[in-house]
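Peer 1: I'll drop the sequence and a predicted model, then ask my questions.
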Amino acid sequence: MTYDALIPVIRRLALEAGDKIMEIYNSDDFDVKVKSDSSPVTEADEAADALISAGLREAFSDTLLVTEEQADSHSEKGDTFLIVDPLDGTKEFINRRGDFTVNIALVENGVPTRGVVYAPAKGRMFYTQADGQSVEETGALDKVQVGDVGPISVSKPNNSALMIVASKSHRDQATEDYINKYQVKDSKSAGSSLKFCLVATGEADLYPRVGRTMEWDTAAGHAVLAGAGGKVVRFDDHSPLTYGKDGYANPFFIAYAPGVDLKEA
């Protein structure tokens, strides 16, 4: 697999999955089930997962595929793997709030090196190009013809007036306590991996996550942020957040623009 081969495929699959998700989102009703971990899953999650998985296995049959909706994949291990969350922000989807995303990423030796984040209800698409630079694509978002793309870059933070973004569905007292350690100009809430992208574009400086996430929730956003000059570190010791961990579970973390004076946990 080369990056030149990977990027057009994951871009196209994200767009196709987005169409499938929006078809269900705009319907009068859709089924919601509860998984063994008590999290919700909809027919949109399952339809998008089937589409993306089939496309990735066809294009890159030799590469390990880990996906949220296929529990068998969660016990697989490898140095290089594709990791997918076909619909991140299921609660936002169920409540028809629009802040949900399609996430596909490549992890190499513990690092998410390439990825795509597509927010179909918002018409925003972010991905890393083959050279590693992250871009936002605007325009028609055609499956085959790439539209206008603009490089994105993190902000130059002002530590006396920081822009913070935090989870819409999981914003608790522990998160507020940590945010209160900073001098904050403005704070906004967003769902799903869009929070990484808001830091990547400079719309926010800092995204702390004091709560449970899995690697498929974060890998694509992490790759996009890294390709825009940003960083993601563990909350406890500020060491880099790595991937391929047991069970693909993440510790608490902080995503930020370098230049933010990080506070201790």
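Peer 2: All right, it came through fine.

Peer 1: What about Arg97, how many residues nearby?
Peer 2: Residues near Arg97, counting by other CB atoms under 10 Å, number 16. Just so you know, the C-beta spots here come from the backbone N, C-alpha and C atoms, and that holds for glycine as well.

Peer 1: who's in contact with the closest residue to it other than its chain neighbours?
Peer 2: Closest residue in space to Arg97, ignoring its immediate chain neighbours: Gly191 at 6.5 Å, by CB to CB, 6 or more residues apart in numbering. Contact partners of Gly191, counting by CB atoms under 8 Å, 6 or more residues apart in numbering, are Gly89, Lys91, Glu92, Arg97, Asp99, Phe100, Ser167, Lys168, Ser169.

Peer 1: Among those residues, which lie within helices?
Peer 2: Lys91, Glu92 (DSSP state H).

Peer 1: Tell me which of the contacts of Gly191 has the lowest pLDDT.
Peer 2: Across these, the bottom pLDDT score, 69, is held by Ser169.

Peer 1: if we can go back for a sec, ok, and the most crowded of the contacts of Gly191?
Peer 2: Highest neighbour count within those: Phe100, with 30 neighbours (other CB under 10 Å).

Peer 1: Test my guess that that residue contacts Lys122.
Peer 2: No - assessed by CB atoms under 8 Å, Phe100 is found out of contact with Lys122, at 9.0 Å.

Peer 1: can you pull out the strands in the stretch 151-265 of the chain?
Peer 2: For the stretch 151-265 of the chain, applying DSSP state E, counting those that start in this stretch gives strands covering 162-167, 184-190, 206-209, 213-214, 231-234, 249-250, 253-256.

Peer 1: State the mean pLDDT of the fifth one.
Peer 2: The average pLDDT for strand 231-234 rounds to 98.

Peer 1: Using CSV, write out the CA atom coordinates for that strand.
Peer 2: Output in CSV follows, covering the C-alpha atoms of strand 231-234 (Å, rounded to 0.1, in the frame of the first residue of the first chain):
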residue,chain,number,x,y,z
LYS,A,231,-0.3,17.2,18.8
VAL,A,232,-2.2,14.7,20.9
VAL,A,233,-0.8,13.6,24.2
ARG,A,234,-1.9,11.6,27.2
